[in-house]
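1. heads up, no residue letters with this:
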């Protein structure tokens, strides 16, 4: 994905101020005792409803993807990994698994043989949520400190495999206990074959899904994108476009994180504006948020981002557990 630069800075500053004022004003309207009682009740409720999620299982799903090698379109590793992803979703009880084959033109003219993979639970339900992550890898490590490695593809353990790993564990849990409403899991392809300075060159699979969904008339009440959710000591802030499009959904997830004891992982603070798959869904009218690692203290994205160091050594089952707990609790409370 590509982070937006100077054109958004004034809007982001205003957004940060608005969030700060909102946090300040929300705390000024209740007494300390009443607020403490309310927080305690909500914490107990979330603790009792917190869904089962196994961070170690998610970690193994990340590792399995990395074992295939870099999942770059037009490579054998990419095809094998895609076949495995579709089979895992079927194994975990999805009533429908739809593979959307795509031929996409990258910014450099390369014809990409790609595919989106959509799994559906309760496909006849009218009220639905869409969970998604990209499953492809960056074809070159252009941010690597070693110039000799910048032309090599990345393993994509965090940038790609981590979000997919969490959603495969979600799928496993849904197979064990079916949701009462509709849940869709989408693995989008060709997100990471993009060029800095060309925002439309990113998220090609998401663009194709939004323009021509494999289910006629597809829509969802809301959507959650997971991207780079496995880094050690990662923090997740409320991404700018997410907040503009789906502030209530953002608030719900960050409140759950707080009540489950994950405030340090999910600080209730504004993040940057990030061009990612969720923007394409927002453009179609689906309120979508992006849970993505962003920490201004270390320059933004995970330091392994788009480098040869994006390997399993940088993946934490603790971070996967935190993200999975938050998402699964939201699903069990609402779907």
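-> Thanks, I have it. None of these values were measured; they are calculated from a predicted model.
2. make it CA atoms for all contacts and neighbour counts henceforth
-> Noted.
3. nearest residue to residue 71 other than its sequence neighbours?
-> residue 78 (4.1 Å; C-alpha to C-alpha, 6 or more residues apart in numbering).
4. ok, now which ones touch residue 294?
-> 234-237, 271-272, 300-302 (C-alpha atoms under 8 Å, 6 or more residues apart in numbering).
5. among the residues you listed, the buried ones, what's the ChimeraX command?
-> Listed next is the ChimeraX selection for buried residues among the contacts of residue 294, using 16 or more other C-alpha atoms under 10 Å:
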select :234,235,236,237,271,272,301,302
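6. of the contacts of residue 294, which belong to strands?
-> Taking DSSP state E, every one of those sits outside strands.
7. dump the contacts of residue 294 into TSV; add distance to residue 227 as well.
-> Output for the contacts of residue 294, formatted as TSV (distance: C-alpha to C-alpha, whole Å):
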residue	distance to residue 227
234	12
235	12
236	10
237	12
271	14
272	14
300	14
301	11
302	11
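8. need the contact list for residue 99.
-> By C-alpha under 8 Å, 6+ apart, the contact list for residue 99 reads 86, 115-118.
9. taking these together, which two end up most distant?
-> Spatially, the most separated pair among these is 86 and 115, at 10.6 Å (C-alpha to C-alpha).
10. more neighbours: which of those two?
-> In this view residue 86 and residue 115 are compared by other C-alpha atoms under 10 Å, and residue 115 has more residues nearby, 26 against 19.
11. just the buried positions in stretch 134-152, please.
-> By 16+ other C-alpha under 10 Å, the buried positions in stretch 134-152 come out as 134-142, 144, 149-150, 152.
12. what about it, distance to the chain center?
-> Using C-alpha atoms, centre = their mean, to the nearest Å, the mean C-alpha position of stretch 134-152 is found 21 Å from that of the whole chain.
13. quick one: mean pLDDT for it?
-> Stretch 134-152 comes out with an average pLDDT of 97.
14. equivalent analysis for stretch 221-238, please.
-> Mean predicted confidence for stretch 221-238 is 98.
15. ends of that stretch, what's the gap?
-> 19 Å (C-alpha to C-alpha, to the nearest Å).
16. go on, stretch 212-225?
-> Stretch 212-225 has an end-to-end distance of 19 Å (criterion: C-alpha to C-alpha).
17. same deal with stretch 68-80?
-> 7 Å.
18. what's next to it, contact-wise?
-> Applying C-alpha under 8 Å, 6+ apart, the set of residues contacting stretch 68-80 is 81, 112-114, 135-139, 153-156, 190.
19. with stretch 232-251 instead?
-> Stretch 232-251 is contacted by residues 12, 15, 264-274, 278-279, 282, 287-295, 302, 314-316, 318-319 when judged by C-alpha under 8 Å, 6+ apart.
20. try 6 Å
-> Stretch 232-251 has contacts (C-alpha atoms under 6 Å, 6 or more residues apart in numbering) with 265-267, 269-273, 287, 289, 292-294, 315-316.
21. of the residues you listed, which is the most crowded?
-> residue 289 (30 neighbours).
22. off-centre distance for the helix or strand hosting residue 242?
-> Per DSSP states H and E, residue 242 falls inside helix 240-259. Distance of helix 240-259 from its chain centroid, counting by C-alpha atoms, centre = their mean, is 13 Å.
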